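Asker: Need a 3D model of the sequence below.
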Amino acid sequence: MRFRVQNFRSLKEEQELSMVAGSLTDSSEAVTQVEGLNLGLLRAAAIYGANASGKTNVLKALAYMRGAVLNSQRQWPPEGPIPRNPFLLDAQSKSAGSFFEADVLTDGTRYSYGFVLNDHEIVREWLNAYPTSKRPNRKQMWFRRERRAFTFGKKLTGDNQAIERLTRPNSLFLSAAAQNNHEALLPIYRWFAERLTCLSRERHSLRQQTAEMCQDSRHKPLVLRMLKAADLGIIGLSVDEVDLFALPPGLDADQKAVAEEFFASLRKFVGRLSEEDERTLKSWEKRQALSLIHRSSSEAGVLLGEENESDGTLAFFGLLGPVLRALSSGGTICVDELDSSLHPLLVLEVVRLFNDPKLNPSAAQIIFTTHDTNVLDRSSLRRDQVWFTEKDDQGGTHLYPLTDFTTRKNENLERGYLQGRYGAIPFVGSTDLFSDTKQEGATE
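Answerer: Model (predicted):
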């Protein structure tokens, strides 16, 4: 529903990204109406901005919050320091706490969860619940934390004191509770763990996820249908599992011993990795080798491996797994630079998938950064689905919606953005790098 952050990377002052729909009447299909709350939630949001304006940091902040919930109790060093990225361009922010808060809706309950942390400890942490089946705006305080002082509400059942004793000063109570199977807190934990997906620009592991989906007879036809619809010249696909740690034939006894010792050390190292790194490494251990069948003069087509595919084909294939999983089961997917290596029409098609309630019956959401101004076409996004980032003179990022501006009903949003009407564009100076050299040459 909403996400707020302060003092993280370039986000110095508190910034908010809201997925709550405004009062606009156009493109109502792009809004999910929530029973009991009398509000609608947007199915998509695009963030525009100049290079280095901080739009990626908005998604990184949400990914950081997810990582803290999942890993602070299990993965963060018990003696610290806490891994974080405060605003570095002034001394005060370096030592100040970083603030994160998210309002989410899951399993019929709205939660407001947040925390403040510095390099050494969790300064504050809180969770409020608003069960929509009762009074939708009636707040239930489930727990509050001021450093090591905890207060638990009457509605939070469970062995709270026992988990309080297990929670380190530099780990989140929610993280510790999930590790100890606190039943009442598992729904909000699972939202972060299972229903929030954050995709970076590096998408090699995504291809593995999509390839794994293709081993399921329920998903493979859908992936293939999407590839065919993208007009990539693909008529079929094949996925084979390859064990990269399998010992090659022909090794003598000494070589075999060295290889087995190396693999054993590597597997032992996996236990100390973060959850994401561990998942990535394990995906390589049992790798899915992808081959795509291309249309050719032969009726059967030609089978080509990944190494022969274009960046655009591989980028689109990698996105299909997370996108189709979200459309199937719901949740929120965040994609940095959705348009990376993709044709503008494919970007528009991905956005259309989420905005169409028939194709997105689970009300999944996509939040993405992009430079592709084609998506600003009014038939693709509502005005409250468009956000911008811009830096101030001190290097701090400001996040603001298009609805902050008065726009005409039929205004060309793409032209207005490129003309700087809404800010968030680079002010490009002279690119004649050789002007001084030319002038010097002319005087000699």
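Asker: Quickly list what the most centrally placed residue in the chain is bridged to.
Answerer: Nearest residue to the geometric centre of the chain (C-alpha atoms, centre = their mean): residue 198, 2.1 Å. In this entry, residue 198 is beta-bridged to residue 334, by DSSP bridges.
Asker: Buried residues, stretch 180-200. List them.
Answerer: Neighbour-count burial for stretch 180-200, counted by 16 or more other C-beta atoms under 10 Å, picks out 182, 185, 187-189, 191-192, 195-200. For glycine as for every other residue, the C-beta is placed from the backbone atoms N, C-alpha and C.
Asker: can you put those residues in JSON lines and add pLDDT?
Answerer: Shown next, in JSON lines, are the buried residues of stretch 180-200 (pLDDT from 0 to 100):
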{"residue": "182", "pLDDT": "96"}
{"residue": "185", "pLDDT": "97"}
{"residue": "187", "pLDDT": "96"}
{"residue": "188", "pLDDT": "97"}
{"residue": "189", "pLDDT": "97"}
{"residue": "191", "pLDDT": "97"}
{"residue": "192", "pLDDT": "97"}
{"residue": "195", "pLDDT": "95"}
{"residue": "196", "pLDDT": "96"}
{"residue": "197", "pLDDT": "94"}
{"residue": "198", "pLDDT": "94"}
{"residue": "199", "pLDDT": "90"}
{"residue": "200", "pLDDT": "80"}
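Asker: Now the two most distant members of these.
Answerer: Of all pairs drawn from the buried residues of stretch 180-200, the widest gap by C-beta to C-beta lies between 182 and 200 and measures 30.3 Å.
Asker: circling back to that earlier point, can you name the residues that contact the residue nearest to the centre of the chain?
Answerer: By C-beta atoms under 8 Å, 6 or more residues apart in numbering, the contact set of residue 198 is 59, 62-63, 66, 333-334.
Asker: Kindly report the same for residue 195.
Answerer: 106, 329-332 are the contacts of residue 195 under C-beta under 8 Å, 6+ apart.
Asker: Residue 7 now?
Answerer: 86-87, 93, 96-99.
Asker: burial of residue 261, as a residue count?
Answerer: Using other C-beta atoms under 10 Å, residue 261 has 10 other residues around it.
Asker: same question, residue 329
Answerer: Residue 329 has 11 neighbouring residues, counting by other C-beta under 10 Å.
Asker: Once you drop chain neighbours, what's closest to it?
Answerer: Once flanking residues are discounted, residue 329 sits nearest to residue 362: 6.0 Å by C-beta to C-beta, 6 or more residues apart in numbering.
Asker: and if you look at residue 382?
Answerer: residue 27 (4.8 Å).
Asker: Mind pulling up the pLDDT for the one you found?
Answerer: pLDDT, residue 27: 86.
Asker: Spatially, what comes nearest to residue 357 if we skip its sequence neighbours?
Answerer: residue 29 (5.5 Å).
Asker: check contacts around that neighbour.
Answerer: For residue 29, the contact set (C-beta under 8 Å, 6+ apart) comprises 355-357.
Asker: Doesn't it lie inside a helix?
Answerer: Yes: counting by DSSP: H, G, I helix; E, B strand; the rest coil, residue 29 falls inside a helix.
Asker: That one and residue 358: what is the separation?
Answerer: Distance of residue 29 to residue 358, given as C-beta to C-beta, to the nearest Å: 9 Å.
Asker: And for residue 380?
Answerer: Going from residue 380 to residue 358 by C-beta to C-beta gives 17 Å.
Asker: Mind checking which of the two has more residues around it?
Answerer: Higher neighbour count among residue 380 and residue 358: residue 380, with 21 against 6, using other C-beta under 10 Å.
Asker: Wait, that one touches residue 347, no?
Answerer: No: counting by C-beta atoms under 8 Å, residue 380 stays clear of residue 347, with 9.1 Å between them.
Asker: just to revisit the earlier point, neighbours of the residue nearest to residue 382, just the number please.
Answerer: With other C-beta under 10 Å as criterion, residue 27 counts 19.
Asker: The one 4 residues further on too?
Answerer: One way to gauge burial is a neighbour count; for residue 31, by other C-beta under 10 Å, it gives 23.
Asker: got it, and residue 404?
Answerer: Neighbour tally, residue 404, other C-beta under 10 Å: 10.
Asker: Backbone torsions only: list them for it.
Answerer: Per-residue torsions, residue 404: phi -70, psi -10 (degrees, to the nearest 10).
Asker: Quickly note the distance from the nearest residue to residue 356 once chain neighbours are set aside to residue 131.
Answerer: Leaving aside its chain neighbours, residue 356 sits nearest to residue 29 (6.6 Å; criterion: C-beta to C-beta, 6+ apart). As judged by C-beta to C-beta, residue 29 and residue 131 stand 28 Å apart.
Asker: which residues touch stretch 329-345?
Answerer: Here stretch 329-345 has contacts from 56, 59-60, 62-63, 194-201, 311-312, 314-316, 319, 322-323, 326, 347, 350, 362-372, 374-375, using C-beta under 8 Å, 6+ apart.
Asker: which of those count as buried?
Answerer: By neighbour count, with 16+ other C-beta under 10 Å, the contacts of stretch 329-345 hold 56, 59-60, 62-63, 195-200, 314-316, 319, 322-323, 326, 347, 350, 363-370, 372, 375 as buried.
Asker: Check which helix or strand residue 154 maps to.
Answerer: Remark: residue 154 resides in no helix or strand, with elements defined by DSSP states H and E.
Asker: Now do it against residue 251, distance only.
Answerer: To residue 251, residue 154 is 65 Å away according to C-beta to C-beta.
Asker: out of these two, which sits in the busier spot?
Answerer: The neighbour comparison of residue 154 against residue 251 (other C-beta under 10 Å) goes to residue 251, with 13 against 8.
Asker: which residues of the chain fall in helices?
Answerer: For the chain, the helices defined by DSSP state H occupy 55-71, 91-95, 160-166, 173-179, 186-190, 204-213, 220-229, 253-270, 275-285, 311-329, 344-355, 413-418, 435-443.
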